[in-house]
Every structure is written in C-alpha cells, then in structure tokens.
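Colleague: sequence plus the predicted model coming up.
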Amino acid sequence: MKLLVRQLRSTSPKIRSFNGSTCLTKRKVCIVLTTRGNYAKMKSVIREIQDDPRLELQLVLGGMVVLEKYGRILNTPEGKSLPVVRTINFVIEGESLSTMSKSTGLAMIEFSTAFDDLKPDVVVVIADRFECLPIAMAAAYMNIPVAHVEGGEVSGSIDESIRHAITKLAHLHFPASQEAALRIERMGEDPATIFPVGGTSMDAIRELNLDNLEPVRQYQRDYGMGPLIDLIPGQYLVLIQHPVTTEYEQNLVHINETIGALELLSMPTVWILPNMDAGSDGINKAIRQFRETRHPNNIHFFKSLPIECYAPLLKNAACLLGNSSSGIRESAFLGTPSVNIGSRQHGRERGKNVIDVDYNRQKIANAVTKQIQHGPYDPDYIYGDGQAAKKIVQVLATANFKVQKAIAY
C-alpha cells in the first residue's frame with residue numbers, strides 16, 4: 001500500500017476586534033508530560049510552539065514527573081522554569097496491575113476537569129504509556145482534537161494495545177518512521193492526517209555536544225545512588241529495564257537474569273531505574289536485594305536523567321542494555337551498540353546496532369561482549385534526522401481539524 005501524505009487545509013485566522021483593532025486568536029495547544037522521557041521528546045516542540053505567534057502553549061504535568069520517587073522534574077532548575085499551567089496527580093501507589101488500572105480511571109477524571117478548565121484547541125498525546133490512553137479519551141470525548149506522536153509502531157507489553165487505541169482516537173498523526181505511517185494508514189486513518197516527521201527526541205540530541213561527559217560526571221556527583229563510577233568513553237554500560245505488564249509475574253525473575261549478566265560482565269554501569277508501570281515493584285525489589293546483599297561498587301543508579309546528560313552518556317557508552325525504546329530509537333541515531341532483552345520491544349523497527357536476546361544471563365553477557373567488540377555503529381536515521389519539531393508545529397498551526405472521524409477504507 002502506497003502512503004499518500006498530504007498537507008491539511010489551512011484554516012483562516014480567527015479575527016477578533018478590540019476597540020477597533022484586530023488581532024489573531026492563537027490556537028491553544030495542550031501538551032501533557034508524564035515522564036522525563038516525554039519532556040525530552042517534546043522539548044523542541046515546546047520551544048517551537050512558544051516561538052510561533054499563531055499558537056499558545058498549555059503545558060500540563062502529571063504522572064511520574066510530579067512524583068519524588070521518579071525524579072520530580074519540578075525540582076530541577078530547568079523544571080522550575082517550565083510554563084506549567086496545571087499539575088495533575090493520578091498515580092495510585094503499588095505498581096500492580098490493579099493500581100495501574102485504577103490510576104488510568106483517575107487520570108480520565110482529572111484530565112477531563114483540566115481540559116474543561118483550559119479549553120485547548122488540540123491536545124498532543126505522546127506515544128503509548130498507560131496514562132496516555134485516558135488523556136486521549138478525555139479529549140476525544142470532549143470534542144477536542146487529538147494529535148498523536150509516535151503512533152503506528154509495534155512492540156510488546158500493554159503499550160502495543162494502547163498505542164493503536166490512541167491512533168483510532170486521534171485526528172492528527174505524527175509517526176516517527178515511514179513504516180509506522182503506513183501502518184496507521186492500514187488502520188483506516190485518512191492519509192491526509194498522517195505526517196511521518198521522525199522522532200522528536202532526536203531534535204534535542206542533535207543540538208547537544210555529545211563528546212562532553214563533564215555535565216554527566218557533575219550530575220553523578222550531585223544525584224543518584226551508589227558509588228561514583230569512572231565515565232570513560234567506551235568503557236561503561238548503560239542499563240534501562242522497565243517492567244513488561246503482560247509478563248507481570250515474571251518481572252522479578254527477569255531482572256535477576258539481567259543482574260546476573262552484570263555480575264558476569266563486571267563493568268562500570270549507569271543504571272536508570274524503571275518506570276511506574278505494573279511490575280516495577282518487582283524490579284525495584286530485586287534492585288534493593290542486590291544492593292543490600294552484593295554491595296556492587298561498579299554501579300551508579302539514577303531515578304531519571306535530563307536529556308542533556310542522557311544523550312552524551314548514551315553516545316559514549318560501550319553498550320546500552322535492557323528493554324527501553326531508547327535502545328531502538330536514540331541508540332540507532334547515535335550509533336550506540338544495543339542489547340535488547342525480552343519482549344517489550346518485540347516487532348519494533350530497528351537498526352543494525354541492536355542484538356535481541358532472551359531473559360538469560362549468559363546470553364545477555366555474551367551479546368554485550370559481542371557489541372563491545374564491535375564498537376560504535378554508523379548512525380541510522382530510521383527514526384528521523386532531528387528536524388521533527390518545526391514540521392509538527394507547522395501542521396498544528398494550520399490544520400483544519402475535523403472532530404468527526406470516518407474510517408478511510
């Protein structure tokens with residue numbers, strides 16, 4: 001099937017008169033950030049919206065970014081300067097399947113109230129986390145157009161179902177790859193609403209000095225847990241392993257296999273702690289047991305990292321291991337060797353820099369060793385070249401939204 005991507009028809013500027021003068025009515029664009037990763041993805045988009053006289057930014061924070069245990073973004077100097085119009089608490093403690101479901105319901109209530117107050121013209125929903133579905137539902141139910149970033153991809157976990165559900169609720173689509181764009185069209189979405197712009201996180205990475213690890217070293221001195229490790233380019237690992245909700249009972253066993261691989265490898269490692277999905281309690285339990293019984297002297301733990309630290313850290317790592325989408329997206333853009341563990345990223349389009357392995361400590365260690373021996377790969381722009389934000393904002397400013405959707409085949 002050939003994808004036909006067309007520009008949406010521009011709307012005429014709305015004119016209001018005040019004391020005989022006229023002015024443009026800005027289109028209100030509401031962006032909801034729920035994770036540090038979402039902020040990295042939207043940072044360039046936020047800046048472009050702020051610089052566009054046709055648009056007004058409404059920035060809403062909720063979920064992980066407002067909770068201390070996940071590295072509350074408002075505690076950082078940059079976070080304190082964000083133009084936030086609303087913060088929303090909807091996460092129920094426990095990180096179980098039941099609490100994840102209940103948090104989803106609470107998010108639906110809270111975001112409905114926020115949208116009723118803010119009255120945005122369009123709500124931007126990012127990717128496929130569990131809390132993104134109630135955000136899209138609340139907006140769609142209230143006849144507010146939804147713009148979906150990073151739809152159309154394939155993966156494991158509950159993310160797979162959530163992502164495609166949001167696609168069917170969305171009125172604009174900003175997929176990160178051509179393959180994802182084709183998949184959205186095959187789901188019955190109007191080709192005129194599909195814009196394969198690339199991954200937005202690459203925009204932020206492209207602007208950074210990736211050879212400078214000093215900001216990361218300083219961040220390590222100020223934040224995180226565990227001993228300080230030497231961050232020598234090509235001589236340390238980065239680990240990010242999130243729970244897989246559809247393998248809820250096995251998350252503790254799976255992370256112990258990864259821990260076993262770390263012990264076999266015995267390399268300096270930066271470990272970024274898991275997200276708030278159901279099953280993260282099992283992963284965090286294993287980490288606590290590991291730290292208390294083994295006392296590793298070669299691992300430093302972070303709740304999260306700003307993109308200004310994460311990007312050079314990833315660029316200069318010997319290998320990234322775990323199951324984060326960063327091992328598929330950003331690692332390809334940077335050419336960083338990646339070992340993807342388990343099913344969480346199953347089916348997602350990937351570059352030559354990725355080796356897939358099962359939950360087995362020896363296989364994980366062998367794959368990491370192979371990647372270290374290979375060294376850096378050539379950059380692969382499968383998820384864009386770092387120019388997504390301007391394209392997204394131009395569409396947001398000019399789109400002729402139609403709330404009533406119709407299947408396109």
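Modeller: Yep, that arrived. Numbers count the residues shown, from 1 in each chain.

Colleague: buried stuff in the helix ranked longest in the chain?
Modeller: For the chain, the helix with the greatest residue count under DSSP state H is helix 97-118. For helix 97-118, the neighbour count (16 or more other C-beta atoms under 10 Å) marks 97, 99-100, 103-104, 106-108, 110-112, 114-115 as buried. (Each C-beta comes from the backbone N, C-alpha and C, glycine too.)

Colleague: can you list those in JSON lines and add pLDDT and distance to residue 376?
Modeller: Below are those laid out as JSON lines (pLDDT from 0 to 100; distance: C-beta to C-beta, whole Å):
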{"residue": "97", "pLDDT": "95", "distance to residue 376": "39"}
{"residue": "99", "pLDDT": "95", "distance to residue 376": "41"}
{"residue": "100", "pLDDT": "95", "distance to residue 376": "37"}
{"residue": "103", "pLDDT": "96", "distance to residue 376": "39"}
{"residue": "104", "pLDDT": "97", "distance to residue 376": "40"}
{"residue": "106", "pLDDT": "97", "distance to residue 376": "44"}
{"residue": "107", "pLDDT": "97", "distance to residue 376": "40"}
{"residue": "108", "pLDDT": "97", "distance to residue 376": "44"}
{"residue": "110", "pLDDT": "98", "distance to residue 376": "44"}
{"residue": "111", "pLDDT": "98", "distance to residue 376": "42"}
{"residue": "112", "pLDDT": "98", "distance to residue 376": "47"}
{"residue": "114", "pLDDT": "98", "distance to residue 376": "44"}
{"residue": "115", "pLDDT": "98", "distance to residue 376": "45"}
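
Colleague: among those, which pair sits farthest apart?
Modeller: Greatest spacing in the buried residues of helix 97-118, by C-beta to C-beta: 97 and 115 (27.1 Å).

Colleague: about what we covered before: which single one of the buried residues of helix 97-118 is nearest to residue 54?
Modeller: Nearest member of the buried residues of helix 97-118 to residue 54, counting by C-beta to C-beta, is residue 115, at 20.8 Å.

Colleague: surely residue 369 touches residue 265?
Modeller: Yes - counting by C-beta atoms under 8 Å, residue 369 touches residue 265, with 7.3 Å between them.

Colleague: among these two, which residue is more densely surrounded?
Modeller: residue 265 (21 against 17; other C-beta atoms under 10 Å).

Colleague: which residue packs closest to the more buried one, ignoring adjacent ones?
Modeller: Spatially, and ignoring its direct neighbours in sequence, residue 265 is nearest to residue 365 (5.4 Å; C-beta to C-beta, 6 or more residues apart in numbering).

Colleague: quick one: what helix or strand has the one you found in it?
Modeller: helix 361-374 (DSSP states H and E).

Colleague: kindly export that helix (C-alpha atoms) in CSV.
Modeller: C-alpha atoms of helix 361-374 as CSV (Å, rounded to 0.1, in the frame of the first residue of the first chain):
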residue,chain,number,x,y,z
ARG,A,361,22.2,-14.0,32.0
GLN,A,362,24.8,-15.8,29.9
LYS,A,363,23.1,-14.9,26.6
ILE,A,364,22.9,-11.2,27.8
ALA,A,365,26.5,-11.1,28.8
ASN,A,366,27.6,-12.8,25.5
ALA,A,367,25.6,-10.3,23.5
VAL,A,368,27.0,-7.3,25.4
THR,A,369,30.6,-8.7,24.9
LYS,A,370,29.9,-9.1,21.2
GLN,A,371,28.7,-5.5,20.9
ILE,A,372,31.7,-4.1,22.9
GLN,A,373,34.0,-5.9,20.5
HIS,A,374,32.1,-4.5,17.5
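
Colleague: who's in contact with that helix?
Modeller: 237, 257-261, 264-265, 318-319, 321, 337-339, 341, 355, 357 (C-beta atoms under 8 Å, 6 or more residues apart in numbering).

Colleague: ok, then the element right after that helix?
Modeller: helix 388-398.

Colleague: what's the distance between that next one and the middle of its chain?
Modeller: Centre-to-centre, helix 388-398 and its host chain are 19 Å apart (C-alpha atoms, centre = their mean, to the nearest Å).

Colleague: packing partners of it?
Modeller: Where contact means 3 or more C-beta pairs under 8 Å, 6 or more residues apart in numbering; DSSP states H and E, helix 388-398 is packed against strand 27-33, helix 36-51, strand 55-62, strand 146-149, strand 172-174, helix 201-206.

Colleague: average pLDDT for the fourth one?
Modeller: Right, the one you point to is strand 146-149. For strand 146-149, mean pLDDT rounds to 98.

Colleague: after it, which helix or strand is next?
Modeller: Counting by DSSP H and E, what follows strand 146-149 is helix 159-169.

Colleague: pull out the buried positions in that next one.
Modeller: Those would be 159, 160, 162, 163, 164, 166, 167, 168, 169, for helix 159-169 by 16+ other C-beta under 10 Å.

Colleague: likewise for stretch 200-209?
Modeller: Quick answer for stretch 200-209 (16+ other C-beta under 10 Å): 200, 201, 202, 203, 204, 205, 208.

Colleague: most packed of the helices and strands packed on helix 388-398?
Modeller: Ranked by mean neighbour count, these are led by strand 172-174 with a mean of 28 (mean count of other C-beta atoms under 10 Å).
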